[in-house]
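Engineer: 3D model of this:
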Amino acid sequence: MLEGLNAPQREAVLHGDGPLVVFAGAGSGKTRVITRRVAHLIGERGVAPWKILAVTFTNKAAGEMRQRLQALVPGDARGLVVGTFHSTCARFLRHYAHRIDLKRDFTIYDDSDQKALLKRVMGDLDVDPKRFPPRQLSASIQRAKQEMVEVGERDDLSGYYRDVVVKVAETYEARKSQAGALDFGDLIYRLTLELEKDDELRRDVSGRFEHLLVDEFQDTNHAQLRLVRALASVHGNLTVVGDDDQSIYRWRGADRRNILDFRRHYPAAHIVKLEQNYRSSARILRAAHAVISRNDDREPKELWTEKDEGERVFVLGADDERQEAQFVVRGCEELRSKGESLDSIAVLYRTNAQSRVIEERLLAEDIPYRVVGGVRFYDRAEVKDLLAYLRILTNPADDVSLLRIVNTPTRGIGKTTLSRLLDLAAETGVGVWDAMAHAPKDGRFSKGVLRKLDAFRKLVEKLQERASLPLPDLGGLVLEESGYLAMLQAENTPEADARMQNLAELVGSMNDFTERNENAPLTAFLEDVTLQSAIDAADLEEPRVTLMTVHSAKGLEYPTVMVTGLEEGMFPFVRPGAAGGEDPEEMAEERRLAYVAFTRAEDRLILSYARARRIFNNTQVGTPSRFLLDLPREDLTWIGDQPTRARTRSAAPAYRPDPWDAPPAPRRSPPRGHDSYIDYSEGSDIGLGEGSRVWHPKFGHGRVTEVRHGMVPPRVAVRFDDGRTKVIQSDRLQPG
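Structural biologist: This next block holds a predicted model:
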């Protein structure tokens, strides 16, 4: 039972009765400790399995715990209650339904069910979805349940908006009750409420168990904290495991103070810290600690490892996001050439929108990849919406695209109207666009509906007149004129912000396409996008690079981790606080996010930033993230210009081997339509010198007159055969 455990792990496993808090650092064997503790309670202390309740956050974690326990105590783990917060609450609510005025066979509404009901309620109450976005109203209702208050009691709601939210919430709850249903938020809220107001019920539920264990306690919200305390109220044998440094869900209600204040709630609590890391090299751990140690309000701890120093942390300053993406591709190719599987590589980013340029470059170089915790860029709903708008500008007969966006944003053109339009189109042998034009002559459409159809046609015709604008300008215009951007701005949620970032990336891709293909029409861009997104998914088993946000990476580990977009304003990504400056709580959470990102790496950590990044149709100048400036210089290989703090942090001599610890890759012919590959790590031979003949896809043939090192990639002055002289990045040139 104790084999292979270090001293703190054994201490946690062998703890007797009473409250226990285990601060488990990243990669410190947290799951092993929880399962061994449960096995010890059953096998050594004689606690009946059904007297133990273990609560996790995900079904995956619950399943893994059951599997490990079956291996540790075969047969003896049957009857153990292991589940998520929601499944555990649903179990108790059904069991005690007769005592709390609840139907035992209640239905549980998932997110889509909640959304559908809320929209019906808003329609019945005549609440304008443009002014009061359903997603925002739903968030207000669910957050109140997390805080264990009535919706109208929330501090951030006031005035007319508060009145509308309360009215919608009351009707929504009444309809759910009438339907005999509970939503996800109700499961925890309702059980906690019943346990707190009914002493006898609380004694019965808590008394069913002798031990309660809760995983990832730093991610609990206020309602979950109160639920845990109620469930442990009789026996007092509560074990919580977590890491305040990995609390990254504040935006959805998680409160890391729940684990930090555990000793305030339970003064007799025993404390164990797991600080030995079994995942990462020493250099990676020092980098992670350098970032997280700047947070003041945290449980002091510093991870250490018996593994060797490992490779230096590699930092690359790219000129822009496209060069950064090329760096990612190059890294994948180099590692694959050394025999490493693509499955061993993870590319992390702060927001989903950043994946677009990386995905495009991986596709261009035929490197398989998967997107975890999200969908591929061109499959995202908002991206497909804007592309649908653009398609009907060139081809209004495209019924699929037209039907996708005719009522997005909401224009009052509902399913009944669309059904009648489709009938009219079928009867007259035309498409939906032409059916709209014929609608005024057809008696099945009311005057109000005809006005809405006419307004939509005029919008499309107005945009068609501007279709010759430069592509990025056209993309921005469509978002403005259609009301799509205003719809997302009014929603004012983190999800809406992410969707706007994705749209900004799509507009950025239009600019990239224009730079590569001067004067190309809109149809050419749409064709290019279609070909890019038509990915052959026949062999899903082949090794693939993994792309995901840092939030999605929590709990995972990879031999090689690349963290991209480490610029101020991108990562950290902080909204202004109440006084207009930085919100210190948000900045602290960004540091925790960086800590999580860095500690996903086992052997190799690669960090990158862009000196310029295009957002919508504007280029933003990027400065290296403060997190990069925190890193110990002696553990870094920094390629490109080093900011002052990084340069002066250490007097250690410069150390600049090839970042992949391999000889430069042989030059190869570029894929058709793409720039040639040239190794541009500092100190490498770019194969060009004064007098070299070169070729550029736009400017033609010329001769090198000067090579300027010191930037990545080096700049080359070329006098072209037409007499013009240009200074160009070396990786844009081919020997000619």
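Engineer: What is the helix or strand where residue 12 lies packed up against?
Structural biologist: Residue 12 is part of helix 7-14, with elements assigned from DSSP states H and E. Helix 7-14 sits against helix 30-43, strand 270-274, with contacts defined as 3 or more CB pairs under 8 Å, 6 or more residues apart in numbering; DSSP states H and E. (Glycine included, C-beta is placed from N, CA and C.)
Engineer: what comes up buried for the helix or strand following the shortest one?
Structural biologist: Taking DSSP H and E as the definition, the helix or strand that follows strand 270-274 towards the C-terminus is helix 282-292. Neighbour-count burial for helix 282-292, with 16 or more other CB atoms under 10 Å as criterion, is recorded at 282-292.
Engineer: Give me the mean pLDDT for the helix holding residue 12.
Structural biologist: Helix 7-14 comes out with an average pLDDT of 97.
Engineer: One more: stretch 722-736?
Structural biologist: Averaged across stretch 722-736, pLDDT comes to 74.
Engineer: Same question for stretch 423-441.
Structural biologist: Here the average pLDDT along stretch 423-441 is 89.
Engineer: For the stretch 251-400 of the chain, which segments count as helices?
Structural biologist: 257-260, 262-265, 282-292, 321-337, 355-364, 381-394, 399-405 (DSSP state H, counting those that start in this stretch).
Engineer: picking up where we left off before, hey, least reliable of the helices and strands packed on helix 7-14 by pLDDT?
Structural biologist: Mean pLDDT is lowest for helix 30-43 among the helices and strands packed on helix 7-14, at a mean of 93.
Engineer: Following the chain past that one, name the next helix or strand.
Structural biologist: Next helix or strand after helix 30-43 toward the C-terminus (DSSP H and E): strand 52-56.
Engineer: and the angle for that following strand with helix 30-43?
Structural biologist: Angle of strand 52-56 versus helix 30-43, following axes from the mean of the first three to the mean of the last three CA atoms, to 10 degrees, is 170 degrees.
Engineer: Could you tell me which strands sit next to strand 52-56 in the sheet, and their orientation?
Structural biologist: Partners of strand 52-56 in the sheet, by DSSP bridges, are strand 81-84 (parallel), strand 211-214 (parallel).
Engineer: so how far is the last one off the chain centroid?
Structural biologist: For strand 211-214, the distance from its own C-alpha centre to the chain's C-alpha centre is 30 Å (CA atoms, centre = their mean, to the nearest Å).
Engineer: can you pull the buried residues of the next helix or strand after that strand?
Structural biologist: Per DSSP H and E, strand 211-214 leads on to helix 222-231 as the next helix or strand towards the C-terminus. If you call a residue buried by 16+ other CB under 10 Å, then helix 222-231 has these buried ones: 222-231.
Engineer: tell me the contacts of residue 221?
Structural biologist: 146-147, 252-255 (CB atoms under 8 Å, 6 or more residues apart in numbering).
Engineer: Of those, keep whichever come out buried.
Structural biologist: The neighbour-count criterion (16+ other CB under 10 Å) marks 146-147, 253-255 among the contacts of residue 221 as buried.
Engineer: which two in these are spaced the farthest apart?
Structural biologist: Spatial extent of the buried ones among the contacts of residue 221 (CB to CB) is set by the pair 147 and 254 at 12.3 Å.
Engineer: Outside of stretch 444-462 itself, list whatever touches it.
Structural biologist: The contact list for stretch 444-462 (CB under 8 Å, 6+ apart) reads 392-393, 396, 406, 411-413, 417, 420-421, 423-424, 433, 436-437, 439-440, 481-482.
Engineer: on that earlier part again, tabulate the helices and strands packed on helix 7-14 (JSON lines), appending distance to residue 56 and mean neighbour count.
Structural biologist: Compiled in JSON lines, these are given as follows (distance: least, CB to CB, whole Å; neighbours: other CB atoms under 10 Å):
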{"stretch": "helix 30-43", "distance to residue 56": "9", "mean neighbour count": "22"}
{"stretch": "strand 270-274", "distance to residue 56": "18", "mean neighbour count": "19"}
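Engineer: Now tabulate these in a markdown table and tack on distance to residue 372.
Structural biologist: As requested, the helices and strands packed on helix 7-14 are arranged in a markdown table below (distance: least, CB to CB, whole Å):
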| stretch | distance to residue 372 |
| --- | --- |
| helix 30-43 | 20 |
| strand 270-274 | 26 |
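Engineer: To residue 335, which of these lies closest?
Structural biologist: Closest approach to residue 335 among the helices and strands packed on helix 7-14 (CB to CB): helix 30-43, 28.2 Å.
Engineer: May I have that closest one as PDB, with CA atoms only?
Structural biologist: Extracted in PDB, the C-alpha atoms of helix 30-43 (Å, rounded to 0.1, in the frame of the first residue of the first chain):
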ATOM      1  CA  LYS A  30      -1.900  13.600  -6.300                       C
ATOM      2  CA  THR A  31      -4.100  10.900  -7.800                       C
ATOM      3  CA  ARG A  32      -1.800   8.200  -6.300                       C
ATOM      4  CA  VAL A  33      -2.200   9.700  -2.900                       C
ATOM      5  CA  ILE A  34      -6.000   9.900  -3.000                       C
ATOM      6  CA  THR A  35      -6.400   6.300  -4.200                       C
ATOM      7  CA  ARG A  36      -3.800   4.900  -1.800                       C
ATOM      8  CA  ARG A  37      -5.500   6.700   1.100                       C
ATOM      9  CA  VAL A  38      -8.900   5.200   0.100                       C
ATOM     10  CA  ALA A  39      -7.200   1.800  -0.300                       C
ATOM     11  CA  HIS A  40      -5.600   2.200   3.100                       C
ATOM     12  CA  LEU A  41      -8.900   3.100   4.800                       C
ATOM     13  CA  ILE A  42     -10.500   0.000   3.300                       C
ATOM     14  CA  GLY A  43      -7.600  -2.500   3.500                       C
END
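Engineer: just to revisit the earlier point, go through the helices of the stretch 251-400 of the chain and name the closest to residue 428.
Structural biologist: Closest among those, using CB to CB: helix 399-405, at 13.6 Å.
Engineer: Give me the mean pLDDT for that closest one.
Structural biologist: Computed over helix 399-405, the mean pLDDT rounds to 88.
Engineer: Give the residue spans of this structure that score low on pLDDT.
Structural biologist: The chain contains residues with pLDDT under 70 at 530-541, 575-581, 616-617, 640-687, 697-698, 708-715, 727.
Engineer: In contact with the residue nearest the centre of it, which residues?
Structural biologist: Closest to where the C-alpha atoms of the chain average out (CA atoms, centre = their mean) is residue 549, at 3.8 Å. Counting by CB under 8 Å, 6+ apart, residue 549 makes contact with 348-352, 373-374.
Engineer: again, only using 6 Å
Structural biologist: Neighbour list for residue 549: residue 352 [criterion: CB atoms under 6 Å, 6 or more residues apart in numbering].
Engineer: just residue 601 next, same as before
Structural biologist: By CB under 6 Å, 6+ apart, the contact set of residue 601 is 280, 284, 561.
Engineer: coming back round to it: ok, the buried residues of helix 282-292 vs residue 508, which is closest?
Structural biologist: Residue 508 has its nearest neighbour among the buried residues of helix 282-292 in residue 291, at 28.4 Å by CB to CB.
Engineer: how about stretch 181-200: buried residues?
Structural biologist: Within stretch 181-200, the residues scored as buried using 16+ other CB under 10 Å are 181-196.
Engineer: Mind checking which of the residues you listed are in helices?
Structural biologist: 184-196 (DSSP state H).
Engineer: Please produce a markdown table containing those residues, extended by distance to residue 384.
Structural biologist: Conversion of these to a markdown table gives the following (distance: CB to CB, whole Å):
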| residue | distance to residue 384 |
| --- | --- |
| 184 | 27 |
| 185 | 30 |
| 186 | 33 |
| 187 | 33 |
| 188 | 34 |
| 189 | 35 |
| 190 | 38 |
| 191 | 40 |
| 192 | 40 |
| 193 | 41 |
| 194 | 44 |
| 195 | 45 |
| 196 | 46 |
